[in-house]
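Asker: 3D, please:
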Amino acid sequence: MDNILRIDMGAPGGPKATMEPVGAYAGLGGRGLTSVLVSKEVDPLCHPLSAANKLVMSPGLLTGTAATTSGRISVGCKSPLTGGIKESNAGGQAGQVMARLGYAAVILEGKPLNDDLHVILINKDGVHFSVDNSLRMLGNYATVDKLRVQYGEKVAYMTIGQAGEMKLGAASIACTDRELHPTRHCGRGGPGAVMGAKGVKAIILDEAGTTLRAAKDPVAFKAAGKVFADGIKKHAVSGQALPAYGTNVLTNILNEAGGYPTNNFKTGQFAGASKISGEAQAALEVKRGGSATHGCHRGCIIQCSGIFNDEHGNYVTKQPEYETVWSHGGHCGIDDLDVIARLDRLDDDFGLDTIETGVAIGVAMEGGLLPFGDGAGAIRVLEEVGKGTPLGRIIGSGAGIVGKCFGVERVPVVKNQALPAYDPRAVKGIGVTYATSTMGADHTAGYAIATNILKVGGFVDPLKTEGQVDLSRNLQIATAAVDATGMCLFIAFPVLDQPETFQSLVDLLNAFYGLSLTGDSVVALGKTILSAERDFNTRAGFTAVDDRLPRFFEQEPVAPHQVTFEIKGEELDKLYNW
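Answerer: The predicted structure follows:
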């Protein structure tokens, strides 16, 4: 990955591609490269949908190699949803292929003067552009089905659905999985809207004629890879729970802990949780001929995805993940897995972040649009997005906009991004992450659930305030570094618990690049990334006031523990003091 590919969508005469050495961005990948580049090259005060914004796509430092579970791709830009910096990453095949093609990043710049929809093919011979307006307002599934007739089965597709074309705040970018289903999404913060603003409907990545990226020290790389893979497989979470039940294994766990937000964060437990749990979901998938264990890209040994079929054995969607099951399930009072799977399918098809969209529907329920628990009504409301109706555009613009339109006071957003599936009053470490993350409310930015609930990497009592800021700070630093490698976040479980697995990750980087990094080097990388993101947001106008949860979390106790979020603002403001 020695090159950066820049594509100027506003060039005279049509899109133009130029290639340049990675240069000043050497040593960065994934979130590291997207965030540093956006912070350096994008005007923080620009309109997110203007020509001045850039959409940066970058595979991780280890993506495209033989290292297991390393295939994620990061997408960065100024967010149309938050107005701050955004990195959103996904699995699927796109990252692996982009890395094997030799690109540290592909950057969409500028903005076309007309409204044509462009298709970009990137292969070993270069970059090829075409206009295909027949794709207009097609969903991701229909878009991929149409394109695969021309471009085949052995490529990776990155596409937007109707939400991206309409440039809605919750719009995602879909990456195809191994079966060419557009189910792995760079979802949070609206990157699909930026791709739509650039006039790009699809990017096709063709790896024909390429090979795995070669390590500087292949013997040491192979040895480190074995230790790393063994560590993943022997950990109870990454080696047992996630392969058996997927991420939705957390439903019963969080519900029991009283941290499962229900009916728009009114309470911390959902009576119907067992009906939509990972255990129930896995059993249903297997019964219908689907699968509870599936990898979203080549080389993944965690296999936390799955295949969800309908009652007739027909494919509906990939296994809905925990946050999706929650946002369309408990958050909306819905306890029907078939309804949730249908909503997940629609999100993927229209190109929407499932967290933002489910929370938006729940806020609309609180505003009186339909009652909590109305699954059929939720499907009808979501279908409006695909139709492009005014109501659909409101829902697809995210929970913050929905709250304003329906006059709702309890709107669970930070920096206008919806909170995910953990109540910050009952799991206070994740509340710190929600409040202070550069990305807006984001559980993955510093996954305190690991230590607060699962007791991975030690234990910090989720109901107490002590230690939560330090926990979140350390996890945010570590996560930023992991996001730069292209590794799945779930490697954090064995890395936190097993010193030899952490060391093997460092060894992988050293053997591949011929470096001599230490654990301190990984920490320094995480701090560099967070500092670049923080700097961008400061220049965009964000202040300490933006690093706060909505006031209702401080004022309304949540059952069953009857607790509020009690960590003071002055403590939150210390998080970045390193």
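
Asker: Please make it C-alpha for all contacts and neighbour counts, starting now.
Answerer: Noted.

Asker: could you give the mean pLDDT of stretch 414-422?
Answerer: Stretch 414-422 carries an average pLDDT of 98.

Asker: Only the buried residues of stretch 549-566, if you could.
Answerer: By neighbour count on 16 or more other Cα atoms under 10 Å, the buried set for stretch 549-566 is 549-550, 553-554, 556-559, 563-566.

Asker: do the same with stretch 439-449
Answerer: 439-449.

Asker: who touches stretch 214-221?
Answerer: Stretch 214-221 has contacts (Cα atoms under 8 Å, 6 or more residues apart in numbering) with 65, 507-508, 511-514.

Asker: Show me how the record splits this structure into domains.
Answerer: Here the domain parsing of the chain from automatic domain parsing is 3-206, 260-423.

Asker: Determine how far the last one lies from the middle of the whole chain.
Answerer: Computed by Cα atoms, centre = their mean, to the nearest Å, the separation of domain 260-423 from the middle of its chain amounts to 15 Å.

Asker: and what of the longest one?
Answerer: A distance of 14 Å separates the centroid of the chain from that of domain 3-206, by Cα atoms, centre = their mean.

Asker: distance between the ends of it?
Answerer: End-to-end distance for domain 3-206, by Cα to Cα, to the nearest Å: 17 Å.

Asker: Rounded mean pLDDT for that domain, please.
Answerer: Domain 3-206 shows a mean pLDDT of 97.

Asker: mind listing what R345 touches?
Answerer: Here R345 is in contact with 316-317 (Cα under 8 Å, 6+ apart).

Asker: please redo it, this time with the cut-off set to 10 Å
Answerer: Counting by Cα atoms under 10 Å, 6 or more residues apart in numbering, R345 makes contact with 141, 182-183, 316-320, 339, 351, 354.

Asker: Just among those, which is most surrounded?
Answerer: Highest neighbour count within the contacts of R345: G351, with 36 neighbours (other Cα atoms under 10 Å).

Asker: That one and A142 touch, don't they?
Answerer: No. The criterion here is Cα atoms under 10 Å, and G351 misses it with A142 at 11.9 Å.

Asker: out of the buried residues of stretch 549-566, who's nearest T433?
Answerer: Of all the buried residues of stretch 549-566, T433 sits closest to L549, with 10.0 Å by Cα to Cα.

Asker: Hmm, the closest one is touching K428, no?
Answerer: No. Contact criterion Cα under 10 Å: L549 and K428 do not qualify, at 11.3 Å.

Asker: which neighbours do those two share?
Answerer: Contacts common to L549 and K428, judged by Cα under 10 Å, 6+ apart, are 434, 565.

Asker: what's the burial count for V219?
Answerer: Applying other Cα under 10 Å, I find that V219 has 12 neighbouring residues.

Asker: With A257 instead?
Answerer: 18.

Asker: so A90 bridges to which residues?
Answerer: Beta-bridge pairing for A90 (DSSP bridges): I73.

Asker: where along the stretch 251-400 of the chain do the helices fall?
Answerer: 278-287, 322-328, 337-350, 354-366, 375-387, 390-395, 399-405 (DSSP state H, counting those that start in this stretch).

Asker: that older thread, any residues in contact with both of G351 and A142?
Answerer: 161, 182.

Asker: before we move on, back to that, so which of the domains of the chain comes closest to T538?
Answerer: domain 3-206 (8.6 Å).

Asker: What's the separation between the closest residue to D348 other than its chain neighbours and V249?
Answerer: With Cα to Cα, 6 or more residues apart in numbering as the criterion, D348 has its nearest non-adjacent residue at 5.9 Å, and that residue is T183. From T183 across to V249, the span is 20 Å (Cα to Cα).

Asker: Return the residues in contact with V414.
Answerer: Going by Cα under 10 Å, 6+ apart, the list of residues near V414 reads 82, 400, 434-437, 439-442, 546-550.
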